[in-house]
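Model the following, please.
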Amino acid sequence: PNGEVPLSPARQAWLMLVVIAPNAACYPAIKAGLEFAPSLRFAGLRTLLGGLALLLVLVIRRKPLWPKARLARWILPLGLLATTIAYGAMFASPAYTGSGIASVLGNTQPLIIIVLASLFLGEKIGLSKALALLLGLAGVTLLALPALRGQTGNNLFGAMLALGSSASLAVASVSMKRLSPGQDLMSLTAWQLVAGSVVLLGLSEVFEPQEPIAWTGGFVGILLFLALAGTALSTWLWFWLLQRSEAGHLSLYLFMVPVLGLLIAISGFGERLNALQAGGVAVILAAVALSMYSDRFGKTNQ
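Next comes the predicted model:
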């Protein structure tokens with residue numbers, strides 16, 4: 001698609017693991033980092049450093065730092081969608097609603113991408129893709145069910161923030177695929193991160209003026225991990241993969257983010273897996289396996 005060489009299903013799966021693993025680790029890292037910094041400033045610094053890291057890679061590789069004119073005009077719109085709204089809403093939603101609502105609505109990106117890809121990219125929603133999507137949504141709901149049962153702050157604003165984060169990332173993903181930036185992908189990704197981060201930092205000055213950052217070694221380590229692995233690498237690689245695969249098919253892998261996040265919590269923080277969560281993990285794995293199977297064997301239903 002888009003003149004790019006398609007990837008084998010196996011290579012695509014491994015590269016998507018590189019995308020989703022840092023994103024899964026981001027949740028506990030963000031939770032730890034918020035002890036040291038206010039949310040908007042934390043998000044702004046994370047994305048600013050991520051964008052600057054990609055620009056540094058371009059300098060080292062002696063590649064053009066500025067994208068072509070047809071792409072440059074999209075820097076601010078993409079920055080607002082993929083960075084300002086997505087990260088701002090992502091960091092803020094748990095404060096207004098319970099973690100269950102936030103985790104379910106925050107993981108609806110595959111559903112939105114599949115619908116948008118059908119409308120604007122001409123991708124078909126076949127039987128296997130629809131079934132994988134339903135399984136993925138069911139799995140995410142099962143993972144979040146314990147938190148949903150204990151829901152206390154079921155605030156509409158918080159729910160809309162979580163959904164808004166998913167929707168903005170989905171629109172940005174489909175837009176980036178449609179733009180087909182080619183050799184300018186890294187520069188466009190970098191500058192939209194920088195542009196969006198500047199808006200986040202400006203909003204922080206308005207809403208968090210009295211909240212300082214505690215610059216400890218722990219916070220710097222968290223910030224660097226989130227900026228380099230969780231933002232620069234995963235954002236660029238996600239957009240790069242979008243140029244070479246169907247957006248709807250690729251998005252189904254994103255259901256693995258809460259699964260890996262749960263496994264990190266179990267291994268690193270001693271949390272236990274209950275029966276509902278185990279069922280959710282199994283259903284999500286079935287959804288991803290179905291997606292890979294249909295891709296591997298000729299996409300007969302795509």
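
CA atoms for contacts and neighbours, from now on please.
Will do.

For Gly122, grab phi and psi.
Per-residue torsions, Gly122: phi 70, psi 20 (degrees, to the nearest 10).

same thing with Arg73?
According to degrees, to the nearest 10, Arg73 has phi -70, psi -10.

For it, give me the pLDDT.
pLDDT for Arg73: 97.

State the distance from it to Leu179.
Arg73 sits at a distance of 11 Å from Leu179 (criterion: C-alpha to C-alpha, to the nearest Å).

So between the two, which is more surrounded?
For Arg73 versus Leu179, neighbours defined as other C-alpha atoms under 10 Å are more numerous around Leu179 (15 against 12).

so how far is Arg70 from the more buried one?
Distance, Leu179 to Arg70, by C-alpha to C-alpha: 9 Å.

and the most far-flung residue of the chain relative to its centre, helix, strand or coil?
Residue farthest from the centre of the chain, counting by C-alpha atoms, centre = their mean, is Gln210 at 29.6 Å. Using DSSP: H, G, I helix; E, B strand; the rest coil, the structure places Gln210 in coil.

before we move on, what about Trp236?
Taking three-state DSSP, the label given to Trp236 is helix.

got a list of what it touches?
Trp236 sits next to Leu185, Met186, Thr189 when contact means C-alpha atoms under 8 Å, 6 or more residues apart in numbering.

Keep only those of those residues that are in helices.
Counted as lying in helices by DSSP state H, out of the contacts of Trp236, are Leu185, Met186, Thr189.

pLDDT at the first one, what is it?
In the prediction, the pLDDT value recorded for Leu185 is 97.

for the last one, same thing?
Predicted confidence (pLDDT) at Thr189: the value is 98.

Please report how far it lies from Thr235.
For Thr189, the distance to Thr235 equals 8 Å [C-alpha to C-alpha].

Please say which of those two ends up with more neighbours.
Neighbours were tallied for Thr189 and for Thr235 using other C-alpha under 10 Å; the higher tally belongs to Thr189 (27 against 23).

Excluding chain neighbours, what is closest to the more buried one?
Excluding its sequence neighbours, the residue lying closest to Thr189 (C-alpha to C-alpha, 6 or more residues apart in numbering) is Trp236, at 6.3 Å.

Ok, Pro64 next?
Excluding its sequence neighbours, the residue lying closest to Pro64 (C-alpha to C-alpha, 6+ apart) is Leu58, at 6.9 Å.

give the contact list for that neighbour.
Applying C-alpha under 8 Å, 6+ apart, the residues near Leu58 are Pro64, Leu65, Met186, Ser187.

Let me know the secondary structure of it.
Classified using three-state DSSP, Leu58 is helix.

Need the pLDDT of it.
Per-residue confidence (pLDDT) for Leu58: 98.

Same check on Arg296?
Arg296 is given a pLDDT of 58.

cool, and Thr231?
On pLDDT, Thr231 comes in at 96.

give me the number of residues near it?
27.

count of neighbours near the closest residue in space to it that isn't next to it in sequence?
Once flanking residues are discounted, Thr231 sits nearest to Gly50: 5.5 Å by C-alpha to C-alpha, 6+ apart. Gly50: 32 surrounding residues under other C-alpha under 10 Å.

Phi, psi for Gly126 please.
Main-chain torsions, Gly126, degrees, to the nearest 10: phi -80, psi 180.

re earlier: and the residue nearest to Thr231, how far from Pro181?
Separation of Gly50 from Pro181 (C-alpha to C-alpha) stands at 19 Å.

repeat for Pro212
In this view, Pro212 and Pro181 are 38 Å apart by C-alpha to C-alpha.

which one of the two has more residues nearby?
Shown here are Pro212 and Pro181; by other C-alpha under 10 Å, Pro181 has more neighbours (21 against 11).

residues in contact with the more buried one?
Counting by C-alpha under 8 Å, 6+ apart, Pro181 makes contact with Leu71, Leu188.

what about it, distance to Gln12?
If you measure Pro181 against Gln12 using C-alpha to C-alpha, the figure is 20 Å.

do the same with Leu156
37 Å.
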